[in-house]
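J.: quick check, what structure comes out for this input:
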Amino acid sequence: MKKLILLTVFLSGALALSAQEKTTRVNETPSPDSTMVAFTRDNDLWVADMATGRETRLTYDGNELILNGYASWVYYEEIFGRPSRYRAFWWSPDSRKIAFYRFDNSKVPMFPIFLSDGQDGSLRQTRYPKCGEPNPTVMIFIADLSGSDPVMVKADFDPDLDQYFGTPFWGADSKSLFVSREPRVQNTLDLYSVSAADGSKKLIYHETYKTWLDWIEGMLFGKDGLYMVRSFETGWQQIYYLSYDGKTLRALTDGPNWRVTLRRLDEKRGELYFTAERDSRVRQALYKLDSKGRITAVSDTSMHIQSVSFSEDGNYVTATLSNLRTPPQTWKYDLRKPAKSVMLSDSKADIKDFDSLSLPELVWMTTKDGLQLPGYIIYPHDFDPSKRYPVHVDIYGGPDSPQVTDRWLPSSGRYYWYADNGIIEATLDCRASGHNGREGLDQIYRRLDSLEVLDFVQWADWLKAKPYVEGDKIGVEGFSFGGTMTALLVMDHPDAFHYGIAGGGVYDWALYDTHYTERFMDTPQNNPDGYAATRVISHVKNYPVEFDRSIDYRTGVNDSEAADSAAVAIEPVMLRINHGTGDDNVHFQNTLQMVKALQNAGKKFDLMIYTDGMHGYGGGQRDFYVNSAHEFWLKYLKNR
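T.: Next up, the predicted model:
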């Protein structure tokens, strides 16, 4: 491949840069040896010598459309993740090279978000690709800084293909960059070894699946190969060994593993430590995999492991564990002599009036097609099973995003507000949550929200079968994907869920971003029927709440007796919608279109907007959201 020799521009931070310009460094990231720092400025990539402050500019074409080392929005949100803070460059282990992605947003549509501050307001504009629309074009470069002038190497990928690239990672010798690639329809994954010397690539791993594939993440690197977690073969996640040359691929585990995270590799001892839901579908434990393929639980499998920290020599691990009825404990596990493992602390003693707490109960429901789904319930204080109580249900429902984990909930947490107010609190999961591995997940492909909604309806039936549940007082609440599900439940199944608060929801999947939605739904061009069937806005017609026809609201003329009754009655069904107008993730556009459809259909609903609020509310807006939600639930579940 052709190498480009860059003209090096040395700028003295003290002499050539103003104080204002110095503050424009974005995502400062030191090299592994702490001699240099890399950053972006105005969408170009730079490095600086830590000792002298001298800066070297590596790219020169950065502008509003070309982003060097700074992620386009869809990569930031869906591939690199928000913790990346848009960083799209990576130091090599030897500190002599930097790999970076160059994004071209020229074909990505611009989405405007109006902000209300000031006399005239302003627009925040984001290149945001919605389903079926063009994605950013990506080129991958490696800058070699080992000589007097930086040398730029372009990786041998065709940027014109409709594709995604995952987060890359360096080989230990800094000679190869490993890059994963998926096509627009995300059912194929290829992993390439890219030469840092000339940009040539070699395919070392190829994977296909009938629905979608997740990226390779959280690998551990050995001398001759890497260890990774994949779920294409058994319906569950397994640990695989892949040699760096791609010639050897070997499964190291079997069985019902899920949420597997690789924690530590000790090749000299032949040990690999990982956490996973293996002995439980709602708890993770720490396990050791030895060179003979034997898997041994290190931590107590009746407790969920929340944090893990290994000693430098690998002889000990400190972990925090809990479950729904056991407060966090800190344990020190002796990995050489397990009998000498000890508990270092127990937080139970610090919890005031522990014995009087209404601790959650883990429950299970079997769907009509045989899937086991978990939930947990917090009962009101002084719960009397001979009485009847309203129920508040928390949901999310998004793919592989469980809400139910058998771990300790803070005794001062929001869930206990319901117990304080005579309301049963239930947090429930559906088949999409991942508790049944790929079996449950694969069923939602190309039809998001369909089977999952029916799972929650079956949960409502499960609740109604309890003699202590007030069957016509079941409310549901969710945000983001949970807001989508909540709106569908109240509109399509008001006999199951009578009241709902839907926050920040997607009400037409065509309005959400390409990478997330198309992973589960395919593209609108390939799956028009699926997008039409799951368009929440089209379900407005099923929502039964309309204005009282006995009152002419324009003239005030009414049937007095009916009007008096209407004035004090609480609607048997009610949906509240809330959204932040500044949301850059699920755009406020979703709620605007939903509200328009509800109004045009003459439907009665509650609406609460949060001015300039993002995808989740903070500060005073957060307090207002909590207080207004509590008021809603007291009104509709407790008639207060």
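
J.: contacts, neighbours, all on C-alpha from now
T.: Fine.

J.: quick one: the strands in the stretch 301-450 of the chain?
T.: 304-310, 316-323, 326-334, 342-346, 361-366, 372-378, 389-394, 424-428 (DSSP state E, counting those that start in this stretch).

J.: now the ones you listed as a markdown table including mean neighbour count?
T.: Converted to a markdown table, the strands of the stretch 301-450 of the chain look like this (neighbours: other CA atoms under 10 Å):
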| stretch | mean neighbour count |
| --- | --- |
| strand 304-310 | 19 |
| strand 316-323 | 22 |
| strand 326-334 | 20 |
| strand 342-346 | 13 |
| strand 361-366 | 16 |
| strand 372-378 | 22 |
| strand 389-394 | 24 |
| strand 424-428 | 24 |
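
J.: and stretch 239-247, average pLDDT?
T.: In this model, stretch 239-247 has a mean pLDDT of 97.

J.: actually stretch 113-131, not the one I typed
T.: 96.

J.: pull the CA atoms of it into CSV?
T.: Taking Å, rounded to 0.1, in the frame of the first residue of the first chain, the C-alpha atoms of stretch 113-131 are listed here in CSV:
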residue,chain,number,x,y,z
ILE,A,113,-32.8,20.1,17.4
PHE,A,114,-34.3,23.4,18.6
LEU,A,115,-32.9,24.8,21.9
SER,A,116,-35.0,27.5,23.7
ASP,A,117,-32.3,29.6,25.4
GLY,A,118,-31.9,33.2,24.5
GLN,A,119,-34.1,35.6,22.7
ASP,A,120,-34.0,33.8,19.3
GLY,A,121,-33.2,30.2,20.4
SER,A,122,-30.7,28.1,18.5
LEU,A,123,-30.3,24.9,16.6
ARG,A,124,-28.1,21.9,17.5
GLN,A,125,-27.6,20.1,14.3
THR,A,126,-26.4,16.5,14.2
ARG,A,127,-25.6,14.2,11.3
TYR,A,128,-28.0,11.4,12.3
PRO,A,129,-28.7,8.5,9.9
LYS,A,130,-32.2,7.2,10.4
CYS,A,131,-33.3,3.8,9.2
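
J.: list the buried ones in that stretch?
T.: Buried residues in stretch 113-131, counted by 16 or more other CA atoms under 10 Å: 113, 115, 127, 128, 129, 130, 131.

J.: coming back round to it: need the strands of the stretch 301-450 of the chain in TSV with distance to residue 486 and mean pLDDT, can you?
T.: As requested, the strands of the stretch 301-450 of the chain are arranged in TSV below (distance: least, CA to CA, whole Å; pLDDT from 0 to 100):
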stretch	distance to residue 486	mean pLDDT
strand 304-310	29	97
strand 316-323	28	98
strand 326-334	31	97
strand 342-346	38	97
strand 361-366	20	98
strand 372-378	17	98
strand 389-394	9	98
strand 424-428	12	98
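
J.: the bottom helix or strand of this protein by mean pLDDT?
T.: Lowest on mean pLDDT, DSSP states H and E among the helices and strands of the chain sits strand 10-11, with a mean of 34.

J.: chain center to the helix ranked longest in the chain: distance?
T.: Looking across the chain with DSSP state H, the single longest helix is helix 619-638. Distance of helix 619-638 from the chain centroid (CA atoms, centre = their mean, to the nearest Å) equals 25 Å.

J.: what's it packed up against?
T.: Applying 3 or more CA pairs under 8 Å, 6 or more residues apart in numbering; DSSP states H and E, one finds that helix 619-638 makes contact with strand 389-394, strand 469-479.

J.: follow-up on the earlier one: minimum distance to residue 407: which of the strands of the stretch 301-450 of the chain has it?
T.: strand 316-323 (3.8 Å; CA to CA).

J.: using the record's assignment, carve this protein into domains.
T.: 1-154, 362-638 (automatic domain parsing).

J.: weakest of those in terms of mean pLDDT?
T.: domain 1-154 (a mean of 89).

J.: excluding chain neighbours, what is closest to the residue positioned nearest the centre of the chain?
T.: Geometric centre of the chain, nearest residue: residue 401, 7.0 Å, by CA atoms, centre = their mean. Leaving aside its sequence neighbours, residue 401 sits nearest to residue 433 (CA to CA, 6 or more residues apart in numbering; 5.1 Å).

J.: okay, now the one you found: neighbour count?
T.: Around residue 433 there are 23 other residues, counting by other CA atoms under 10 Å.

J.: residue 477 versus that one, what's the distance?
T.: 17 Å (CA to CA, to the nearest Å).

J.: again with residue 324
T.: Taking CA to CA, one finds residue 324 at 21 Å from residue 477.

J.: now residue 435
T.: Distance from residue 435 to residue 477, counting by CA to CA: 21 Å.

J.: residue ranges for the strands of the stretch 501-640 of the chain, please.
T.: Secondary structure of the stretch 501-640 of the chain, counting by DSSP E, counting those that start in this stretch: strands at 574-580, 606-610.

J.: most tightly surrounded among the ones you listed?
T.: strand 574-580 (a mean of 23; mean count of other CA atoms under 10 Å).

J.: shouldn't residue 195 be in contact with residue 173?
T.: No: between residue 195 and residue 173 there is no contact under CA atoms under 8 Å: 11.4 Å.

J.: so for those two, which sits in the more crowded spot?
T.: residue 195 (20 against 11).

J.: residue contacts, the more buried one?
T.: Contacts for residue 195 (CA atoms under 8 Å, 6 or more residues apart in numbering) come out as 155, 175, 176, 177, 201.

J.: just the helices in this structure please.
T.: Going by DSSP H, the chain shows helices at 19-22, 73-75, 415-420, 437-442, 450-464, 481-492, 514-521, 528-533, 560-568, 589-600, 619-638.

J.: alpha carbons only: can I get the third one in PDB?
T.: Below are the C-alpha coordinates for helix 415-420, written out as PDB (Å, rounded to 0.1, in the frame of the first residue of the first chain):
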ATOM      1  CA  TYR A 415     -38.700   1.300  44.400                       C
ATOM      2  CA  TYR A 416     -39.500   1.500  48.000                       C
ATOM      3  CA  TRP A 417     -41.600   4.600  47.600                       C
ATOM      4  CA  TYR A 418     -44.300   2.300  46.300                       C
ATOM      5  CA  ALA A 419     -44.100   0.100  49.400                       C
ATOM      6  CA  ASP A 420     -44.400   3.300  51.500                       C
END
